[in-house]
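> for reference, the sequence and a predicted model appear below.
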Amino acid sequence: MRTTASESASGRLWMGMVVAVLVALVTIPAIQSSVSAHDHQIPQTYLKKGTMELQAGTRVAESNWVRPAGDGLCVNENTLYRWRFPDTSRVAAGSKLKVRIFKTQRPDFFEITAYPALDEEGRPSGEGRLLPRSLERVVRDGKTVAWDAYFEVNRPDRDYYLVGEGHWKDREGCGDVDQYASWSFHVKTRDLS
């Protein structure tokens with residue numbers, strides 16, 4: 001069976017469209033991945049025990065975030081927040097908890113400080129103690145979607161007023177400004193007896 005020139009051209013056009021669609025399907029996720037790494041947004045956080053979500057992080061104290069505003073200009077979002085802690089979540093002493101940080105870009109550092117009490121104005125009181133933590137990537141379909149900061153609450157029958165603070169270099173095109181934010185959480189451990 002012989003094909004005409006117009007049938008041959010039509011087949012090449014159709015094949016070219018199929019190739020273009022396939023290239024777009026491969027390229028768009030890669031572009032979205034690189035854009036989301038520098039989305040210039042302060043991430044949301046959640047306190048979790050295993051897969052169970054205990055609390056959404058409440059932004060506290062101060063955050064400083066720089067983002068591009070177009071035409072080579074940048075906006076510095078430096079915000080002060082009122083100290084607030086969520087309602088208490090009860091966990092067993094010795095529980096391994098995690099703060100899930102919804103940002104594809106790895107924080108330069110992320111620390112968790114535990115305070116034993118609050119003062120009359122609702123601010124952390126007493127000696128703050130840095131909790132040892134590990135930082136692990138959360139991967140879905142081969143892509144980083146978040147980071148988990150793991151730590152333990154070991155002392156029984158104690159309030160843990162937790163402040164997580166993260167720093168990023170998420171400022172492409174905006175100079176060398178430290179970007180950071182902090183979040184509060186509150187857990188109380190049960191007595192082991």
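Done, it's in.
> tell me where the protein is predicted with low confidence.
For the chain, applying pLDDT under 70 flags the ranges 1-40, 170-173, 175-177, 192-193.
> domains in it, by residue range?
1-37, 41-190 (automatic domain parsing).
> is D148 in a bridge, and if so with what?
R100, E136 (DSSP bridges).
> which strands and helices sit next to the helix or strand hosting S182?
When elements are defined using DSSP states H and E, S182 is found to belong to strand 179-190. In terms of contact count using 3 or more CB pairs under 8 Å, 6 or more residues apart in numbering; DSSP states H and E, strand 179-190 is assigned the packing partners strand 44-49, strand 52-56, strand 58-59, strand 62-70, strand 89-92, strand 95-102, strand 159-168. In this view, the C-beta of every residue, glycine as well, is placed from N, C-alpha and C.
> with adjacent residues omitted, what lies nearest to V163?
Residue nearest to V163 in three dimensions, not counting chain neighbours: T113, with 4.9 Å by CB to CB, 6 or more residues apart in numbering.
> and of the helices and strands packed on strand 179-190, who's closest to L118?
Within those, the stretch nearest L118 is strand 159-168; the backing value is 6.0 Å (CB to CB).
> that closest one: partners in the sheet, and parallel or antiparallel?
Sheet neighbours of strand 159-168, with direction, are listed as strand 109-115 (antiparallel), strand 179-190 (antiparallel) (DSSP bridges).
> tell me which of those strands sits most buried.
strand 179-190 (a mean of 21; mean count of other CB atoms under 10 Å).
> next, the angle strand 62-70 makes with that strand.
Comparing the axes of strand 179-190 and strand 62-70 via axes from the mean of the first three to the mean of the last three CA atoms, to 10 degrees yields an angle of 140 degrees.
> if we can go back for a sec, gap between the strand holding S182 and the chain center?
In terms of CA atoms, centre = their mean, to the nearest Å, the gap separating the centre of strand 179-190 from the centre of its chain is 14 Å.
> which residue comes closest to R90 once chain neighbours are left out?
K188 is the one closest to R90 (CB to CB, 6+ apart), at 5.6 Å.
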